[in-house]
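S.K.: Only the shape, not the letters, is given here:
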């Protein structure tokens, strides 16, 4: 992803000017590289240190004082650090405290004085701390950096888990017996070679096995994707197998079945999806509209969400598996690791934690093209007129919850807001616009419910998730809407 702020940050001659600042103020949404603060009279030194550390840890950016932080932003001016001596002392303290050099640009105009802190990115493999504490931003707040993110930073430049050997000194015969090579060629849709040497040559050429002095080296990547039996590999790898738990009821009190997979992700994928799909309760509510499928959850959505959990998990923690937990009223799919993309940007964004795994899963037609998977989830959920899926992040895991059918009248306020936002995003990435009519159709309600749908739209706007598309029309009746980030 190329961030436009790198371009906007420098005007001709390399200086930040009021024209540069105005371009930032006009951005439709705050990005991960900007932090706007009014700070009309003062701003706490410790907060300066913490925001500088957080922005450095997130790749660098700008802390701007004297500007409102909500759109439409405007200059209000600041008297914080009002003399050159105070600014120079602050810059010196930042270097001593954080061990990074931060430039401070002072702009003055009739609207007021603005201070721009230009914060560099942290060094590779290092995180910036404030008195031993590591910070990151979450919305408008500063929070302690998650262990997941710290591990990822400290591991930069080191071979990742997928590149580690799963087995060394493996014979030609054992490569064939350990890996489902027939399934690999079938998934690639190419004929299976007539001799073993050609099979091994293909795997070597694709970077899945490496020739060693005493045979072959099978990578963790290869085993996790193609293993006939994961449990013949080291326990650390075998425990990455998906686990499916089916409960009786809407809580964990009674378990009906608890099954751990034993095949590689790619070669066992279709069987896993079919098992989960067929195990779901029947959804009689939608049988009249979608007659060819009556299971509670769309198979397309299950495919995308389970594939995403496989591809985007954090392999650095041993003994943690993908979890697929099914209840009477929902299914929860989770993987270890904090997502690299904010959950509200899952629909339009893409950032892979494991690009090697993502690449091979795409080549084997398990995953869709970059960035399209969640779009397909939302699209199929809307076709079934299910509540919008809930993307959640805990301290250690990323969780997606898909719910069984609910009538619009039974949906909570949060259900309706989430559905409105996701519907708006889905239409936007399809080069369309949300309106009262499209949202009515998404919820399956009649035109007589227009006023109720308008309330949903208004509430979602108040939450800052969508905005009016002023480029189309000023008419309230024919108003269209965009995601807040568009």
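M.R.: Received it, and whenever you're ready, just let me know what you need. Computed from a prediction, not measured in an experiment: that's the story for all the values here.

S.K.: quick one: the strands in the stretch 251-400 of the chain?
M.R.: Using DSSP state E, counting those that start in this stretch, the strands of the stretch 251-400 of the chain run over residues 255-260, 323-326, 330-336, 390-393, 397-403.

S.K.: so what does the third one touch, helix or strand wise?
M.R.: Read it as strand 330-336. Under the contact definition 3 or more C-beta pairs under 8 Å, 6 or more residues apart in numbering; DSSP states H and E, strand 330-336 sits against helix 299-312, strand 323-326, strand 397-403. Every C-beta, even on glycine, is put in place using the N, C-alpha and C of the backbone.

S.K.: now those in JSON lines, with mean neighbour count?
M.R.: JSON lines is the format used below for the helices and strands packed on strand 330-336 (neighbours: other C-beta atoms under 10 Å):
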{"stretch": "helix 299-312", "mean neighbour count": "23"}
{"stretch": "strand 323-326", "mean neighbour count": "20"}
{"stretch": "strand 397-403", "mean neighbour count": "21"}
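
S.K.: wait, which of the ones you listed is closest to residue 66?
M.R.: Of all the helices and strands packed on strand 330-336, strand 397-403 sits nearest to residue 66, with 36.9 Å by C-beta to C-beta.

S.K.: and after the closest one, which helix or strand comes next?
M.R.: The helix or strand immediately downstream of strand 397-403 is helix 413-429, counting by DSSP states H and E.

S.K.: And the next helix or strand past that following helix?
M.R.: As assigned by DSSP H and E, the chain's next helix or strand after helix 413-429 is strand 434-435.

S.K.: Show me what that following strand packs onto, helices and strands only.
M.R.: Right, strand 434-435 is packed against helix 413-429, strand 480-483 by 3+ C-beta pairs under 8 Å, 6+ apart.

S.K.: Can you say which of those is nearest to residue 270?
M.R.: Among the helices and strands packed on strand 434-435, helix 413-429 comes nearest to residue 270, with 26.4 Å by C-beta to C-beta.

S.K.: Could you list the low-pLDDT ranges of this protein?
M.R.: Residues of the chain meeting the criterion pLDDT under 70: 1-14, 28-31, 157-158, 283-294, 319, 349-350, 368-372, 395, 472-477.

S.K.: who's in contact with the most far-flung residue of the chain relative to its centre?
M.R.: The C-alpha centroid of the chain is most remote from residue 85, which lies 43.3 Å away (C-alpha atoms, centre = their mean). Contacts for residue 85 (C-beta atoms under 8 Å, 6 or more residues apart in numbering) come out as none.

S.K.: mind listing the strands for the stretch 1-150 of the chain?
M.R.: Remark: strands assigned in the stretch 1-150 of the chain by DSSP E, counting those that start in this stretch are 34-37, 61-65, 103-109, 112-119, 129-130, 133-138, 141-144.

S.K.: quick one, which of the ones you listed is packed in tightest?
M.R.: Comparing these by mean neighbour count (mean count of other C-beta atoms under 10 Å), strand 61-65 ranks first with a mean of 24.

S.K.: Can you give the strand pairings for that strand, parallel or anti for each?
M.R.: The pairing partners recorded for strand 61-65 under DSSP bridges are strand 34-37 (parallel), strand 112-119 (antiparallel).

S.K.: now the shortest one, how far from the centre of its chain.
M.R.: In other words, strand 34-37. In this view, strand 34-37 has its centroid 23 Å away from the chain centroid, taken as C-alpha atoms, centre = their mean, to the nearest Å.

S.K.: just the longest one next, same as before
M.R.: Averaging C-alpha coordinates over strand 112-119 and over its chain gives two centres that are 31 Å apart (C-alpha atoms, centre = their mean).

S.K.: Residues in contact with it: which ones?
M.R.: Strand 112-119 has contacts (C-beta under 8 Å, 6+ apart) with 9, 16, 21, 39, 48, 51-52, 55-56, 60-67, 75-81, 87, 100, 102-108.

S.K.: repeat that for 7 Å
M.R.: Outside strand 112-119, the residues that touch it by C-beta atoms under 7 Å, 6 or more residues apart in numbering are 16, 21, 52, 55-56, 60-67, 75-78, 80-81, 102-107.

S.K.: what angle sits between it and strand 103-109?
M.R.: Relative orientation of strand 112-119 versus strand 103-109 (axes from the mean of the first three to the mean of the last three C-alpha atoms, to 10 degrees): 160 degrees.

S.K.: buried sites along stretch 15-22?
M.R.: Judged by neighbour count (16 or more other C-beta atoms under 10 Å), stretch 15-22 contains these buried residues: 16, 20-21.

S.K.: Then stretch 377-395?
M.R.: 377-391, 393.

S.K.: next one: stretch 448-462
M.R.: By 16+ other C-beta under 10 Å, the buried positions in stretch 448-462 come out as 449, 453, 456-457, 460-461.
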